[in-house]
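Asker: Could you work out the structure for the sequence below:
(2 chains, ligands or ions: 2)
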Amino acid sequence: MYIRVNRDKCTGCEECLNSCPYDAIEIREGRAFINEYCQMCRLCLDVCPEGAIKEVMEEGEKAEAISKDDYRGVMVFAEQRDGMPVNVAYELIGAGRRLADELGTDLSAVLLGSDEASAIELIRWGADRVYLCTDQSLRVFNDELYTHLLSELIRERKPEIVLAGATPIGRSFIPRVAARLGTGLTADCTSLQIEKEDRALLQIRPAFGGNIMATIICPDHRPQMATVRPRVMKRGEYKEDREGEVINIDLDHTTTRTKVIDTVKEVSDVMVNLHEADVIVAGGRGVGGPEGFKVLHELARVMGGAVGASRAAVDEGWIPYSHQIGQTGKTVCPRIYIACGISGAVQHLVGMQSSDIIIAINKNPEAPIFNVATYGLVGDLFEIVPLLTRKIKELKGITKD
Amino acid sequence: MDIIVCIKQVPDTSEVKINPETNTLIREGVKSIINPYDLHALEAGVQIKEAVGGRVTVLSMGPPQAEEALREAISRGADEAVLLTDRAFAGSDTLATSYTLARAIDHIGADIILCGKQAIDGDTAQVGPETAEFLNIPHISYVRKIEEIRDGYIRVERLMEEGYDVVESSTPVLLTVVKELNEPRLPSLKGKMAAKKAQIKRLGPSDIGADEARIGLRGSPTQVKNIFAPEAKTDRRIFTGTPEEQVDALIQELRGIRCI
Ligand SMILES: Cc1cc2nc3c(=O)[nH]c(=O)nc-3n(C[C@H](O)[C@H](O)[C@H](O)COP(=O)(O)OP(=O)(O)OC[C@H]3O[C@@H](n4cnc5c(N)ncnc54)[C@H](O)[C@@H]3O)c2cc1C
Ligand SMILES: Nc1ncnc2c1ncn2[C@@H]1O[C@H](COP(=O)(O)O)[C@@H](O)[C@H]1O
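Answerer: Ligands and ions are numbered 1, 2, ... in the order given. This next block holds a predicted model:
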């Protein structure tokens, strides 16, 4: 396939030039022309007011379709840490349940290196079936073993959709699974929808550093696979009496070329678990120094949250790198993100803008952080933050420190 | 030791934006750069060569213009460069890209393959592990330190959510690297001269024995259906008044939605 401009229709209006991220459209002799930079991203197709830009199929191009009807059901990979399923596992079960119900099919979970009790929890959160491997060697993540077990299960059970968390673990081995099965994979989705008529999974994700959202589909291959950003999907309903089956699977393959010989947990002075925190209070250059972070810590403490930072604050040495949020730091998605003295550079925004509620505190009313804020407070953070801390303490009835 | 570094030329994404009214890109003079993570992969390759000897080949799949990126890589210490360029490669998603890179790597031969953690245009982080799978070799993601490397063996630190793992592997192996690994060197004068003179080898599908059905758009299971601007916050509220009034207004809102 390639993209072509119909020279009879093109009026040379230049409307399309800016639609191309690759600089592949130029005007030649008063008409648009697609040059060799074209990556066939197809972003230009809908832009032309004359409908002059078209994709052209070459003969025999369409891949022979597989029999999609052989594939049914939704399967999620339930990641564990020290044997316990992590939050994203429950979130995926919430999302998977919703998709399965819409498709009128069932939901299974794959749990490796855990135990029966955890499997039953997954059922209570919404799974119909859990494939459980209790082999202790799977407690530690291993790309090759995980790839082997999950690929074999998918081959055998043929789910139409497979989801995993976009965590370091999911993003490391799920691509291998997709490549082994020869199917498509969409990374780090923030929304999933079903197109009812053809049972297609619409996989929505940010692209170009979060400046654009894209909907990705996988029309001719099965399963449709996606990793899903943690903390975006909602958990389903917990029902103590929900029934399901636990199917034990064996680890039938133990030779691997890679081996984890040590696992080191690095905990900074304050336990930063930014990924799990419900509330994050983050500080930037406006915090002015290491002392300034004390007021943020205090607010985080009363709200039961963690402390984050912009790169500027980290570069100044006010707070360790492990707190950095953004393009070169962590991506977080808490329920409440409070940005104090942060201007809102795009490299910072990409790491936090999918937070549910963003509260911006900045003395400059023009700061770009206000564009993404749910609530904005204009003023000096050294006045506002302590006040906020005091009032929340009062509300919660915290009287002493 | 034969080392291949996979690099991608990408638009500098911090400058790409979308016009929310027309849903089209605003892309005033966005420059093309070497994917920032790949510079760290390249630096690692050059350091391995300096430590244990060998050759560093940079490999890229892209339009003819990606040659600039490969020349820059030579100026930063690579010995050779290979460009996979052909109309048939265009439109590749991560699966087709990985298949193509793997065929080329097989063709060139390597003990260590280095990739960036992810490319900043798509942020998928899929090409490294998928390429390793097509090569049927192990991979280690998010490498932040190379502890030991010798014939047939490598030991590295892999960055994880709450710390790091020490991982060992046989070679050949593919590593994807994070920025903490090293500080990329700048082009040297000698390197710039070498870059100017370098012959960039160009390969097409038949040179690497690629199956036409598995490359480019045809070999790509995923498709972009549409793009749109991130949802603007419609319920945005900027408070006014004294700090106290603003704080009270905020608390009232948060209580209203039961956040505190
Ligand atoms: C390749 C690349 C990667 C990057 N990655 C990241 C990343 O991962 N994370 C990241 O954060 N940045 C990143 N950056 C840097 C980013 O571009 C910005 O420079 C950085 O985010 C700015 O931090 P800041 O908002 O704290 O500082 P500034 O931009 O200096 O903003 C400080 C703000 O504080 C306000 N202020 C000052 N005093 C007060 C006060 N007393 N009360 C209230 N408000 C006050 C000011 O009005 C201002 O808006 C990256 C940059 C590049 C080029
Ligand atoms: N077209 C390409 N040519 C060479 N290397 C690539 C290409 N695409 C991706 N890579 C490599 O794969 C890594 C991950 O890319 P991605 O999966 O697109 O995020 C990059 O950092 C590169 O090292």
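
Asker: list the contacts for residue 107?
Answerer: Reading this off chain A. Shown here is A:L107, whose contacts under the criterion CB atoms under 8 Å, 6 or more residues apart in numbering or on different chains are A:73-76, A:93, A:96-97, A:99-100, A:126-129. (Glycine included, C-beta is placed from N, CA and C.)

Asker: look at chain B instead
Answerer: Neighbouring residues of B:H107 by CB under 8 Å, 6+ apart: B:L203, B:D207, B:I208, B:G209.

Asker: how about 10 Å then?
Answerer: With contact set as CB atoms under 10 Å, 6 or more residues apart in numbering or on different chains, B:H107 has these partners: B:L59, B:V82, B:L84, B:L203, B:D207, B:I208, B:G209, B:A210.

Asker: picking that back up, closest to A:C189 out of the contacts of A:L107?
Answerer: In terms of CB to CB, no member of these lies closer to A:C189 than A:L99, at 11.8 Å.

Asker: and A:M352, that's in a strand?
Answerer: No: using DSSP: H, G, I helix; E, B strand; the rest coil, the assignment for A:M352 is coil, not a strand.

Asker: residues near it, how many?
Answerer: By other CB atoms under 10 Å in any protein chain shown, the residues close to A:M352 number 28.

Asker: What of B:E147?
Answerer: Other residues near B:E147 number 12, with proximity taken as other CB under 10 Å.

Asker: Over to the one 3 residues further on?
Answerer: Residue neighbour count, defined by other CB under 10 Å, stands at 11 for B:R150.

Asker: wait, isn't it in contact with B:T171?
Answerer: Yes: the pair B:R150 and B:T171 passes the contact test of CB atoms under 10 Å, sitting 9.0 Å apart.

Asker: Which helix or which strand is home to the residue of the stretch 101-250 of chain B found nearest chain A?
Answerer: Ranked by CB to the nearest CB, the top residue of the stretch 101-250 of chain B for proximity to chain A is B:P221, at 3.2 Å. B:P221 belongs to no helix or strand when assigned by DSSP states H and E.

Asker: Skip the chain neighbours and tell me the closest residue to it.
Answerer: A:G184 (3.2 Å; CB to CB, 6 or more residues apart in numbering or on different chains).

Asker: what do you get for A:G12?
Answerer: Closest residue in space to A:G12, ignoring its immediate chain neighbours: A:G30 at 4.4 Å, by CB to CB, 6+ apart.

Asker: show me the contacts for A:A52.
Answerer: Taking CB under 10 Å, 6+ apart as the criterion, A:A52 is in contact with A:4-13, A:15-16, A:31-32.

Asker: Can you list the low-confidence ranges for chain A?
Answerer: Under the criterion pLDDT under 70, the flagged ranges of chain A are A:1, A:57-65, A:209-211, A:267-272, A:399-401.

Asker: change it to 50
Answerer: By pLDDT under 50, the low-scoring segments of chain A are A:269-271.

Asker: same thing with the stretch 51-200 of chain B?
Answerer: Answering for the stretch 51-200 of chain B: no residues sit below the bar, that is pLDDT under 50.

Asker: ok, which stretches of it are helices?
Answerer: In order along the chain, the stretch 51-200 of chain B carries the following helices (DSSP state H, counting those that start in this stretch): B:67-75, B:94-108, B:127-135, B:189-197.

Asker: how far is the longest one from where the chain is centred?
Answerer: What separates the centre of helix B:94-108 from the centre of its chain is 14 Å, taken as CA atoms, centre = their mean, to the nearest Å.

Asker: One more: stretch A:332-348?
Answerer: Mean C-alpha position of stretch A:332-348 versus that of the full chain (CA atoms, centre = their mean) differs by 17 Å.

Asker: can that stretch be found next to ligand 1?
Answerer: Yes: with CB under 6 Å from any ligand atom as the criterion, ligand 1 is reached by stretch A:332-348 at A:G341, A:I342, A:S343, A:A345, A:Q347, A:H348.
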